[in-house]
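Engineer: Sequence below, structure please.
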Amino acid sequence: MAKSDSSSVTSPELAKPIARRQPVQKTVHHGTFEEEESHRLGLLYLSFLALGLGIVTGVGAVLFRDLIGLLHNLFFNGVFAISYDANVFTSPSRWGAFIVLAPAVGAIIVTFLVSNFAPEAKGHGVPEVMDAIYYKEGRIRPIVALVKSLASAVAIGSGSSVGREGPIIQIGSALGSTLGQIIYMPVGQRIALVASGAGAGIAATFNTPIGGVMFAIELMMPEVSVSTFLPVAIATGAATFVGRWFLGQQPAFLVPPMQALTTDASAVILLILYAALGAITGVAAAGFIRGLHLVEDWFDRIPGRYARHILGMLLLGGLMYVLFITLGQYYVDGVGYATIESILVGHTSLAWLLALLFVCKAIATSMSLGSGSSGGIFSPSLFMGATLGGGFAALLQGIGVPLSISIPAFAMVGMGAMVGGGTGAVMTAVTMTFEMTREYDIVMPMILAVAASVGVRRLLSRENIYTLKLVRRGRAIPKALHANMFLIRHAREVMDTDIMVLPAEDSFDSFLREHEAEGRLRHVVVVRGSQILGVIRVNTGLRRGLEGTNTGITLGDIASRDYTIVGEDMVASDVIERIWRKNAFMAVVVRGHGVPRGDDVVGIITKEHVANSVAEGLKIYPR
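Structural biologist: Sure, this is the predicted structure:
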């Protein structure tokens, strides 16, 4: 076991003169272990809370969609109606060319709401939820749910090129966090409710219960167990049920029967082409990630939040109108589901058109979010993936590849690959795309394409579209969920056996002189008779600083009582909990199960040994 080389004496008398030379760090404590445990909710009670959260989030998702429909009809045609099918192209606006002003008007409202009430509502929402989970103990201000819903509905309704899933994720998470703050509970359970709200929101929005659970697991949950998974599953299922109650059972996209793979030897070549599409999509995802943040940096140099947002939305309105007068549709306004549906049913299949729409959507989304809009990137990613995959298939058909190439199938695979590559949520990408289309034949090629996409994207950009935003703020986010293998090691595997068991009556000065030549850290267990009295951690090189002095103290005088006793068969997780519960800096490891005696001491475990054990446990995982 590696030893620490820091010079320290862990005792009240000898630590004082050294501590004055060290910078003081203030730590905010949010409750002791006993307080946390005393307020831990039973799994049944937590599940009932998750059920209520799922129902409320499901209703919120329905109301949010209705609000988008109302504002879309107002902005585009001045009609007070909530009826709006995002899978159908927007009819020509009654405002004609003045429709270019609609996104700008929406920008003014969005900027006002975000600037004055909830700055967290700016952007696509998911990074803010991840930041709350990993850095704010799952605390999200309740007002975020209201402001995010209003701001995002205005943004999408007025034509901003963003998705509605990011807002509902943040709304559901804010509701879960609020519930976790109203009812006192440990931080871990509050975070579980935050993740439950996020999964419930995305499941209700897309009618994808499995995808909602996968999203919460991959991006929202620091730890997965029965106690965290069950609330997520219940909330997601409840939200999906509510969504289906009001919106129907149909999937997000209605896709005609197709053949993604043949049943002969050509299927191998088709799989290679799907993998090639995944690699191309990985390049596109990396480009979109970098491009979005470059555009955001460019807009940040424009003084004034209102000015930069209005400018971005005027540019978007101009692009939207140019597409309308040249191609007959606005294409890049709002969530873009109509274009995706058109590709999946085979109505939009020209290679040049699909390539153009991919570029336009990437520019439109970057301008929208970069200038300060409020909305998600999931739907734009689906749009770009569908155009890229469909365009790739159309190109293969155009050059005469002698295979059964299905443009809708390649478009669906492209959707999953773009989402997986951009967000890093690979299981979410596969399951959600399948659930949104109910086309099972695309699962195998999609798994291959998503893997290729994520692999290529990570070569070009280590961070995904969510984590890069946080990393730029100095907020590191874990890239993977690891099994805590170090926690199952026994105390005897973690402990340091290079210790000394000495009587309390021994002179501290004599101890230093005897071990002066060693000049290293020693751990001492102090006993009085057969009883363990305390512990000392001392750097014997300290003798150089005390040369010529005679302290006259004994080991018993400086022995610290801040220790706990553990058995050598106790697993590391229980040792850590015992140290934390007792607020100890050292655990004395003893053999046997009776009353611990000095003769039973076999080693010690400090927090440094725990850290070393963690490091050794992580070495088995790829970086």
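
Engineer: Give me the secondary structure label for the residue most central in space within the chain.
Structural biologist: Centroid-nearest residue in the chain, with CA atoms, centre = their mean: Leu219, separated by 3.4 Å. When classified by DSSP: H, G, I helix; E, B strand; the rest coil, Leu219 comes out as helix.

Engineer: now the one 4 residues further on
Structural biologist: Recorded secondary structure, Glu223: coil (three-state DSSP).

Engineer: which residue sits closest to the residue nearest to the centre of the chain, ignoring its sequence neighbours?
Structural biologist: Nearest non-adjacent residue to Leu219, counting by CB to CB, 6 or more residues apart in numbering: Ala425, 5.5 Å away. Using the backbone N, CA and C atoms, a C-beta is placed for each residue, glycine as well.

Engineer: hmm, back to that, my read is that the residue nearest to the centre of the chain contacts Met130, right?
Structural biologist: Yes: judged on CB atoms under 8 Å, Leu219 makes contact with Met130 at a distance of 6.8 Å.

Engineer: sorry, back to before: burial of the residue nearest to Leu219, as a residue count?
Structural biologist: 25 (other CB atoms under 10 Å).

Engineer: check contacts around it.
Structural biologist: Met214, Phe215, Glu218, Leu219, Val419 (CB atoms under 8 Å, 6 or more residues apart in numbering).

Engineer: Show the backbone phi and psi for it.
Structural biologist: phi -90, psi 80 (degrees, to the nearest 10).

Engineer: and if you look at Leu533?
Structural biologist: The phi and psi values for Leu533, taken as degrees, to the nearest 10, are phi -100, psi -40.

Engineer: ok, now the one 3 residues further on?
Structural biologist: Recorded main-chain torsions at Ile536 are phi -140, psi 140, according to degrees, to the nearest 10.

Engineer: I'd say Lys550 and Asp509 touch.
Structural biologist: You called it Lys, but residue 550 is Asn. Yes: if you go by CB under 8 Å, Asn550 and Asp509 touch, sitting 6.0 Å apart.

Engineer: Name the residue in those two with the higher neighbour count.
Structural biologist: Asp509 (16 against 8).

Engineer: What is the neighbour count of Leu481?
Structural biologist: When neighbours are counted by other CB under 10 Å, Leu481 comes out with 11.

Engineer: can you count the residues close to the spatially closest residue to it that is not a sequence neighbour?
Structural biologist: Spatial nearest neighbour of Leu481, chain neighbours left out: Val224 (6.3 Å); criterion: CB to CB, 6+ apart. When neighbours are counted by other CB under 10 Å, Val224 registers 15.

Engineer: In terms of pLDDT, where does Val224 sit?
Structural biologist: Per-residue confidence (pLDDT) for Val224: 86.

Engineer: Sketch out the low-pLDDT regions of the stretch 351-500 of the chain for me.
Structural biologist: Counting by pLDDT under 70, the stretch 351-500 of the chain shows low-confidence ranges at 482-486.

Engineer: One more: the stretch 501-623 of the chain?
Structural biologist: In the stretch 501-623 of the chain (pLDDT under 70), the answer is 515-521, 539-549, 551, 594, 616-623.

Engineer: Would you map the helices across it?
Structural biologist: 508-514, 555-558, 572-582, 607-618 (DSSP state H, counting those that start in this stretch).

Engineer: who wins for proximity to Gln181 among those?
Structural biologist: helix 572-582 (23.5 Å; CB to CB).

Engineer: residue contacts, Ile604?
Structural biologist: Ile604 sits next to Met495, Asp496, Ile499, His523, Val525, Val535, Met586, Ala587, Val588, Val589 when contact means CB under 8 Å, 6+ apart.

Engineer: Likewise for Asp441?
Structural biologist: Residues near Asp441 by CB under 8 Å, 6+ apart: Met258, Gln259, Ala260, Leu261, Ala409.

Engineer: ok but it is inside a helix, no?
Structural biologist: Yes: according to three-state DSSP, Asp441 belongs to a helix.

Engineer: any idea how far it is from Tyr274?
Structural biologist: According to CB to CB, to the nearest Å, Asp441 stands 12 Å off from Tyr274.

Engineer: what do you get for Arg561?
Structural biologist: The spacing between Arg561 and Tyr274, counted by CB to CB, is 65 Å.

Engineer: of these two, who's got more company?
Structural biologist: Tyr274 (28 against 9).

Engineer: Give the burial count for Gly157, as a bare number.
Structural biologist: Look at Gly157: counted by other CB under 10 Å, it has 25 neighbours.

Engineer: returning to what we had before: mind picking the two most distant members of the contacts of Asp441?
Structural biologist: For the contacts of Asp441, the maximum inter-member distance is 10.2 Å, found between Met258 and Leu261 (CB to CB).
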